[in-house]
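> Fold the following for me, if possible:
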Amino acid sequence: QVQLVESGGGLVQAGGSRRLSCAASAGFSSFYMGWFRQAPGKEREFVAGISWNGYTVDYSDSVKGRFTISRDNAKNTVYLQMNSLKPEDTAIYYCAVRSRSWATRSLSGYDVWGQGTQVTVSS
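Numbers count the residues shown, from 1 in each chain. Modelled structure (predicted):
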């Protein structure tokens with residue numbers, strides 16, 4: 001089974017940037033990947049998704065235009081570039097893999113999750 005490990009979290013000032021990485025333990029090049037986040041006291045929510053070949057991407061309205069998802073199948077890694085960060089982006093960020101090739105924003109549609117990485121945006 002694929003295992004996922006996120007990295008790149010930390011403390012950043014509002015308006016700053018951060019790049020998160022999610023490394024998979026095995027090949028995931030056929031699968032749809034997603035980034036989610038969970039803020040304190042809130043439910044986990046979809047942030048971004050990317051098709052197996054990177055041609056199709058999807059973003060939540062709250063991050064569209066500021067975040068960019070990408071992947072490098074040769075490195076078994078998916079990235080989330082976060083720009084113009086806001087305090088409301090503070091959350092634990094999770095990557096997840098879906099054993100299907102088509103997109104979904106539903107948490108239940110993802111089969112394997114990473115442990116998460118904390119991103120804190122100070123005002």
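
> secondary structure element for the residue nearest to the spatial centre of the chain?
Centroid-nearest residue in the chain, with C-alpha atoms, centre = their mean: Trp35, separated by 2.3 Å. Using DSSP states H and E, Trp35 maps to strand 32-38.

> From the contact counts, what lies against that strand?
strand 18-24, strand 45-50, strand 67-72, strand 77-82, strand 91-98 (3 or more C-beta pairs under 8 Å, 6 or more residues apart in numbering; DSSP states H and E). (Glycine included, C-beta is placed from N, CA and C.)

> show me what contacts the residue nearest to the centre of the chain?
When contacts are counted by C-beta atoms under 8 Å, 6 or more residues apart in numbering, Trp35 touches 20, 22, 47-49, 69, 78, 80, 93-96.

> Just list whatever residues bridge to it.
Beta bridges link Trp35 to Ala48, Cys95, judged by DSSP bridges.

> And Ala24, by the same measure?
Beta-bridge pairing for Ala24 (DSSP bridges): Leu4.

> picking up where we left off before, ok, the contacts of Trp35 vs Ala103, which is closest?
Closest approach to Ala103 among the contacts of Trp35 (C-beta to C-beta): Gly49, at 5.5 Å.

> Pretty sure that closest one sits against Ser60.
No. Assessed by C-beta atoms under 8 Å, Gly49 is found out of contact with Ser60, at 9.5 Å.

> Among these two, which residue is more densely surrounded?
Shown here are Gly49 and Ser60; by other C-beta atoms under 10 Å, Gly49 has more neighbours (24 against 16).

> so how far is Cys95 from Thr77?
Counting by C-beta to C-beta, to the nearest Å, the separation of Thr77 from Cys95 is 10 Å.

> joint contacts of the two?
Common contacts of Thr77 and Cys95, defined by C-beta under 8 Å, 6+ apart, comprise Cys22.

> residues near the nearest residue to Ile69 once chain neighbours are set aside, how many?
Once flanking residues are discounted, Ile69 sits nearest to Ala48: 4.0 Å by C-beta to C-beta, 6 or more residues apart in numbering. By the measure other C-beta under 10 Å, the count of residues near Ala48 is 25.
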